[in-house]
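[1] Here is a sequence with its predicted model. Questions after.
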Amino acid sequence: MLESLGFIQDILHHLNYLWVTVLMAVESSFIPFPSEVVVPPAAYKAATGEMNLFLVILFATLGSDIGALVNYYLARYLGRPIVYKFAESRLGRLCLLSQEKIEKAEVYFVKNGITSTLIGRLVPGIRQLISIPAGLAGMPLGRFLLYTTLGAGAWNIVLALLGYFIGKTVPPELFASTIQSYSSTIGFVILGLVVVGGLAYYLYKRRQKVA
């Protein structure tokens, strides 16, 4: 707990637009890294006037796209057997990967179609891996980038608004502990929004069929 708080404080001290892009690219690839310790601290700095909130979201989303493209191209050109073999290797395990997790992402991709690259970016446990089945399926790059950008942008907006709100309401010395307490619930809030949005979309489509 104390180590993670110190880590957040250190990121807050050194963060700039380049690091936002780099760290979010790492977060969006197969390397485990929480976006909750990148975007909210950057948005906090925006609240204090050191950075710009719009640029924080823009560069965070750019980084997310870069990391997603890494997964997409690796999966597309290496193929399923090699991707599975890597996931089960020692390095893959260190990256918190497994064949089971990738298969779960593939099932999600098949079930939800190409829009899963949009919706999947908002689902905890799926968002970092959804680019892999998109690459394995050879999803058109233009659509992949569009949906990935929309999904990652939505996620980053929520994180940025959280960090900005905290930056406006708590003193600097309390930021790390506050973001730590909120970060565990962010995924559940996003998941709730996805469920509500999915239900609304289903009802809308059903109403169109009836009409």
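    Done, it's in.

[2] So which elements touch the helix or strand harbouring Val158?
    Element membership for Val158 (DSSP states H and E) is helix 141-169. Counting contacts by 3 or more C-beta pairs under 8 Å, 6 or more residues apart in numbering; DSSP states H and E, helix 141-169 is packed against helix 39-47, helix 53-78, helix 116-119, helix 131-136, helix 172-210. (Glycine included, C-beta is placed from N, CA and C.)

[3] what angle separates it from helix 39-47?
    Interaxial angle, helix 141-169 versus helix 39-47 (axes from the mean of the first three to the mean of the last three C-alpha atoms, to 10 degrees): 60 degrees.

[4] quick one: buried residues of helix 141-169?
    144-145, 147-160, 162-164, 166-167 (16 or more other C-beta atoms under 10 Å).

[5] what do you get for stretch 56-74?
    Going by 16+ other C-beta under 10 Å, stretch 56-74 has these buried residues: 56-72, 74.

[6] go on, stretch 31-47?
    In stretch 31-47, counting by 16+ other C-beta under 10 Å, buried: 33, 35-47.

[7] By mean pLDDT, flag the weakest helix or strand of this protein.
    Counting by mean pLDDT, DSSP states H and E, the chain has its least confident helix or strand at helix 2-14, which shows a mean of 55.

[8] Next secondary structure element downstream of it?
    With elements assigned by DSSP H and E, the helix or strand that comes after helix 2-14 is helix 17-28.

[9] Could you list the buried residues of that next one?
    Those would be 17, 20-28, for helix 17-28 by 16+ other C-beta under 10 Å.
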